[in-house]
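In: sequence below, structure please.
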Amino acid sequence: MTKTPIEPEMKFTAPRFPLSEEVQQKLGDALEMCPDVAFAHLVEVDVPVRGESGPALFVWLRGGSLRSLRAALNLVSEAVSRVLPKDRFIDVVILNSAPELLLPVEAAECLLVEPCPEERRRALSAARSPEAETESLEDTVKRWWWPFD
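Out: So this is what the prediction gives:
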């Protein structure tokens with residue numbers, strides 16, 4: 001009997017229907033003006049088991065922003081809605097809340113903005129650390145950046 005390979009739950013790639021260069025620039029500018037955004041990726045997310053795909057904005061918030069997560073998410077969502085054409089939408093995911101997605105999202109090589117390169121370096125360092133291999137990445141990142149226990 002031949003085993004069939006198990007497909008990953010999600011695949012992250014460059015957007016199939018990218019935003020226009022002008023809209024992407026405006027989105028990047030708007031996100032850079034959000035004081036809580038450390039970096040953001042605009043990627044296509046495929047969920048093969050559901051037959052779904054679509055664009056998503058993965059945002060990593062600066063550590064101090066996590067105390068007011070709702071306010072930070074509201075600012076990011078407002079910036080996105082101001083810039084996108086009315087017939088387009090994208091999901092917004094706060095990467096700090098799903099740190100196990102950081103490395104797969106990074107592998108798609110779709111960095112949109114990086115207002116805080118040091119925060120990105122620290123996040124990637126934590127994701128690649130030996131502790132991340134022996135404990136869950138979520139626990140590693142929470143230990144470094146999550147102010148709630």
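In: any weak-confidence spans in the chain?
Out: Low-confidence segments of the chain (pLDDT under 70): 1-8, 66, 132-149.
In: so how far is Pro35 from Asp46?
Out: Distance, Asp46 to Pro35, by Cβ to Cβ, to the nearest Å: 32 Å. Just so you know, the C-beta spots here come from the backbone N, C-alpha and C atoms, and that holds for glycine as well.
In: between these two, which has more neighbouring residues?
Out: Asp46 (19 against 12; other Cβ atoms under 10 Å).
In: how far away is Ala72 from Glu52?
Out: Going from Ala72 to Glu52 by Cβ to Cβ gives 27 Å.
In: and the helices in this protein?
Out: Residue ranges of the helices in the chain, as given by DSSP state H, are 21-32, 69-83, 102-107, 117-128, 130-134, 137-145.
In: and those: which comes nearest Lys11?
Out: Nearest to Lys11 among the helices of the chain is helix 102-107; the distance by Cβ to Cβ comes to 8.2 Å.
In: ok, back up a step: Ala72 and Glu52 - which one has more neighbours?
Out: With neighbours defined as other Cβ under 10 Å, Ala72 and Glu52 compare such that Ala72 has more, 22 against 10.
In: close enough to count as contact, the more buried one and Gly63?
Out: No: if you go by Cβ atoms under 8 Å, Ala72 and Gly63 don't touch, sitting 11.2 Å apart.
In: anything in contact with each of these two?
Out: Here Ala72 and Gly63 have no joint contacts, going by Cβ atoms under 8 Å, 6 or more residues apart in numbering.
In: which ones are touching the most centrally placed residue in the chain?
Out: By Cα atoms, centre = their mean, the chain has its centre lying nearest to Phe58, at 2.0 Å. Going by Cβ under 8 Å, 6+ apart, Phe58 touches Ala40, His41, Leu42, Val43, Val93, Leu95, Leu101, Val105.
In: now the two most distant members of these.
Out: Of all the pairs that these form, the one spanning the most space (Cβ to Cβ) is Leu42 and Leu101, at 14.1 Å.
In: buried stuff in stretch 69-80?
Out: Leu69, Ala72, Leu73, Leu75, Val76, Ala79, Val80 (16 or more other Cβ atoms under 10 Å).
In: any chance of the helices of the chain in CSV, with distance to Phe12 too?
Out: Shown next, in CSV, are the helices of the chain (distance: least, Cβ to Cβ, whole Å):
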stretch, distance to Phe12
helix 21-32, 17
helix 69-83, 18
helix 102-107, 5
helix 117-128, 14
helix 130-134, 18
helix 137-145, 15
